[in-house]
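1. Please work out how this folds:
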Amino acid sequence: MVTVETSPRGFRRRPLPLLSIVVLSTAFGAISGSVVDASVAMAGFGLLWGAVALALAPRAARVGARSAMWADAPVAVAAALALVVVGGSIQALMQYTSASATVVLLQQSSSYWFFPVLHGLFEWVLLPAVLMLNWTHRTRRNLLLVTAVVFYLGRISSALYFAPHVFEWVRLPFGAPLSVETLEDVQLWIKVNWLRFVFQDLLVAGLLLLAQYRGVSGLRAWGAGRHAARHSGTS
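-> Below you'll find the predicted structure:
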């Protein structure tokens, strides 16, 4: 059964989702900031961002409850950009042909901004926006919550494992022979990076496409039809 709420009652009855915004954004800021030795600064940013989101969430939920366009549009944008990330990830992974070639590629990369910019947009803008605007639409909300959990776990793994290794390797002297230990670390990084691609990039894109397909207007029509059929069967 599809349940479509028309007001953000969940926020008023259960303050935990609102309060958890501040806690999670602060913790995520601290973890992501550890990559560039700025945990305290990023934790402060996460705290400030969480406070702003705390104030905006109920209003955004009301807007998404009243307007299918406002609920659907950010999901469509997020799904499109998720597919762009998938394309960029495939291109990068196909170039990681060997450990030594991967280190050289990372040291010479001129598109280092691509993933940080898109992932940052997802982390701090798109996923929070789609959750807030779709909070009253229970079916889509649950799907988007799963999407957010998958995505943020992937970003935490990047902050704790993937990014620190990349920063370590790009600081190595260019063209210098790599130690056996470094080569083994790079080979493992490449293999795990494929797993991250499947369980973060592909899965997030698939979930967002599914959420887009289950549009709010369609959910409302389906829910109304089910409600009418149920009552006509019992009358």
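
2. Can you name the residues that contact the residue nearest in space to the middle of the chain?
-> Compute the mean C-alpha point of the chain, and by C-alpha atoms, centre = their mean the closest residue is Phe151, 3.9 Å away. By C-beta atoms under 8 Å, 6 or more residues apart in numbering, the residues touching Phe151 are Phe122, Glu123, Leu127, Gln200, Val204. Just so you know, the C-beta spots here come from the backbone N, C-alpha and C atoms, and that holds for glycine as well.

3. of these, closest to Ala57?
-> Relative to Ala57, the closest of these is Leu127; by C-beta to C-beta it sits at 13.1 Å.

4. Surely the closest one touches Ala78?
-> Yes. Counting by C-beta atoms under 8 Å, Ala78 is a contact partner of Leu127 at 6.9 Å.

5. how about the helix or strand hosting Ala92: buried residues?
-> Assigned by DSSP states H and E, Ala92 belongs to helix 68-95. Going by neighbour count (16 or more other C-beta atoms under 10 Å), the buried part of helix 68-95 is 68, 70-72, 74-75, 77-79, 81-82, 85-86, 89, 92-93.

6. Low-confidence regions, the chain specifically.
-> 1-17, 110-112, 215-235 (pLDDT under 70).

7. what ranges do the strands span in it?
-> Taking DSSP state E as the test, none of the chain falls into strands.

8. ok, which stretches of the protein are helices?
-> 9-13, 16-33, 39-66, 68-95, 99-108, 114-121, 127-133, 138-157, 163-170, 180-196, 203-213, 216-234 (DSSP state H).

9. Just say which of these is most tucked in.
-> Across these, averaging neighbours per residue (mean count of other C-beta atoms under 10 Å) puts helix 127-133 on top, at a mean of 24.

10. Which residues does that helix contact?
-> Counting by C-beta under 8 Å, 6+ apart, 21, 53, 56-57, 60-61, 63-64, 70-71, 74-75, 78, 141, 144-145, 147-148, 151-152, 211 sit against helix 127-133.

11. Please apply the same query to stretch 44-61.
-> Outside stretch 44-61, the residues touching it (C-beta under 8 Å, 6+ apart) are 8, 10-12, 17-19, 21-30, 33, 124, 128-129, 132-133, 135-136.

12. Distance from it to the middle of the chain?
-> 17 Å (C-alpha atoms, centre = their mean, to the nearest Å).

13. for stretch 173-190, same thing?
-> Distance, stretch centre to chain centre, for stretch 173-190: 30 Å (C-alpha atoms, centre = their mean).

14. Send me that stretch as CSV with only the CA atoms.
-> Taking Å, rounded to 0.1, in the frame of the first residue of the first chain, the C-alpha atoms of stretch 173-190 are listed here in CSV:
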residue,chain,number,x,y,z
PRO,A,173,58.6,11.9,-6.5
PHE,A,174,57.4,11.7,-10.1
GLY,A,175,58.9,8.9,-12.0
ALA,A,176,60.7,7.4,-9.0
PRO,A,177,60.6,3.6,-8.7
LEU,A,178,57.8,2.4,-6.4
SER,A,179,58.5,0.0,-3.5
VAL,A,180,56.9,-3.5,-3.5
GLU,A,181,54.8,-2.4,-0.6
THR,A,182,53.5,0.6,-2.4
LEU,A,183,52.7,-1.4,-5.5
GLU,A,184,50.7,-3.9,-3.5
ASP,A,185,48.8,-1.1,-1.8
VAL,A,186,47.9,0.4,-5.1
GLN,A,187,46.8,-3.0,-6.5
LEU,A,188,44.5,-3.5,-3.5
TRP,A,189,43.2,0.1,-3.8
ILE,A,190,42.3,-0.5,-7.5
